[in-house]
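Engineer: mind looking at a prediction? Sequence and model below.
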Amino acid sequence: MANWCSNTVVFEGKPETIEQIQQLFKLMAEKELIEQCGQLPDFVSENDGGYFFAIYQNEGDTGIFQYETKWSPNIEVVQKIAECYKVNFIQDYKELGCLIYGRATFADKLLTDTNLKDDDFEKYQFDEQADTYHFEGKEYDSDCEILETLLEQKIANHQP
């Protein structure tokens, strides 16, 4: 059984192009409901993997999609979509069971994938008795803010 990686991707480009991507994701979501299996755009080879599952879009959002992938993010597939439509994207992803947490950006035909490594996850501690996390002298109820802070620090320092 797969661990599920949660992904949020934001496409950036001309409004008419983003509308085409909207239609692509809408069709994949509809097909997934009918076929009960992950989806890929027609122009992506099935050998590439990276299937989209549980595609979701908040009402009113344009060019922003949430979905699941098996085990790890499907950055290469999202890049193929961006290259096909000549747009940029930012993809945030996480699968904390396997310590996967990061952000991929694709701008001006350049892909950058910044993600936390094992030593990053060791920078904070969980206190089981108090049910709190400790990081840089502060106490947190959840590790979400800590992980985002660690990722932002890596991005600011240009560390992949």
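Structural biologist: Sure, I can see it. Residues are numbered from 1 along each chain as shown.

Engineer: and the closest residue to T69 other than its chain neighbours, which of the three is it?
Structural biologist: Of all residues not flanking T69 in the chain, C5 sits nearest, at 4.7 Å (C-beta to C-beta, 6 or more residues apart in numbering). Every C-beta, even on glycine, is put in place using the N, C-alpha and C of the backbone. Look at C5: counting by DSSP: H, G, I helix; E, B strand; the rest coil, its state is strand.

Engineer: how many residues are close by C5?
Structural biologist: Close neighbours of C5, defined as other C-beta atoms under 10 Å, add up to 22.

Engineer: tell me the contacts of it?
Structural biologist: Applying C-beta atoms under 8 Å, 6 or more residues apart in numbering, we find C5 in contact with E68, T69, K70, W71, S72, P73, Y93, K94, E95, I100.

Engineer: which residues does the second one contact?
Structural biologist: Read it as T69. Taking C-beta under 8 Å, 6+ apart, one finds W4, C5, N7, G50, Y51, F52, F53, Y93 in contact with T69.

Engineer: widest-spaced pair of those?
Structural biologist: Y51 and Y93 (14.4 Å; C-beta to C-beta).

Engineer: list phi and psi for the residue lying farthest from the centre of the chain.
Structural biologist: Here the chain reaches farthest from its C-alpha mean at Q129, the gap being 32.0 Å by C-alpha atoms, centre = their mean. Per-residue torsions, Q129: phi -70, psi -40 (degrees, to the nearest 10).

Engineer: next, work out how far apart it and K26 are.
Structural biologist: To K26, Q129 is 48 Å away according to C-beta to C-beta, to the nearest Å.

Engineer: hmm, back to that, looking at Y51 and Y93, which is more packed in?
Structural biologist: When Y51 and Y93 are compared for neighbours, Y93 comes out ahead with 22 against 19, by other C-beta under 10 Å.

Engineer: in a helix, that's where the more buried one is, yeah?
Structural biologist: No: looking at Y93 with three-state DSSP, it is strand, so not inside a helix.

Engineer: that one and S72, how far apart?
Structural biologist: Taken as C-beta to C-beta, the span from Y93 to S72 is 8 Å.

Engineer: now the common contact residues for the two.
Structural biologist: Shared contacts of Y93 and S72 (C-beta under 8 Å, 6+ apart): C5, I100.

Engineer: dig out what Y56 forms beta bridges with.
Structural biologist: With DSSP bridges as the criterion, Y56 is bridged to Q66.
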